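Peer 1: here's a sequence, model it:
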Amino acid sequence: MFRSACEIQEEAVRAEPESVYHRSTLANALASRGRAAQASGAREEARQSFTRAAELSATMAAQFSSQRYSQACYVAMLIPVSPPAVRDSLGLEAISALRLAIEAGYGNRETVTKDSDLDPLRDRADFRELMASIE
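Peer 2: Here you go, the predicted model:
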């Protein structure tokens, strides 16, 4: 089901590549597909889905701080499905995107505190420092 949704959304993005709506919807569909793949043990499919979602969000992040936040979430979700050797660099990338989102005006501390997408970052010192800075 998620694969089909992603294929349909990919077609919409190809037809209208500048559409923020289509890119955002595709990123959300990819994240859902990634979560489902991760839950079923399909780590490579999850990794590919989260990577593509992060790339799409990055294309919109300069305009919308919420997309920078989404980018941080998608990169954070990559951490547990990626090889251990790259997890720290992914953590740094996610923290950087989250920091940029906050600097650009994304300030919903409650969402950041409760969003399970960011769980892979919670044990990091740089995440805790960032959270302290938005209290």
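
Peer 1: please determine how far residue 88 is located from residue 61.
Peer 2: Residue 88 is 22 Å from residue 61, where distance means CB to CB, to the nearest Å. In this view, the C-beta of every residue, glycine as well, is placed from N, C-alpha and C.

Peer 1: higher neighbour count, those two?
Peer 2: Under the criterion of other CB atoms under 10 Å, the comparison of residue 88 against residue 61 puts residue 61 first, with 21 against 11.

Peer 1: residues near residue 28, how many?
Peer 2: Residues lying near residue 28 (other CB under 10 Å) number 18.

Peer 1: if I look at it, what pLDDT would I see?
Peer 2: Reading off the confidence values, residue 28 has pLDDT 95.

Peer 1: what sits against the nearest residue to it once chain neighbours are set aside?
Peer 2: In this structure, residue 28 finds its nearest non-sequential neighbour in residue 53, 7.7 Å apart by CB to CB, 6 or more residues apart in numbering. Taking CB atoms under 8 Å, 6 or more residues apart in numbering, we find residue 53 in contact with 26, 27, 28, 30, 31, 34, 70, 74.

Peer 1: ok, residue 122 next?
Peer 2: Residue 122 makes contact with residue 128 under the criterion CB under 8 Å, 6+ apart.

Peer 1: quick check: residue 12 touching residue 22?
Peer 2: Yes: judged on CB atoms under 8 Å, residue 12 makes contact with residue 22 at a distance of 4.4 Å.

Peer 1: ok, and for stretch 125-133, which residues are buried?
Peer 2: Neighbour-count burial for stretch 125-133 flags 127, 130, 131 (criterion: 16 or more other CB atoms under 10 Å).
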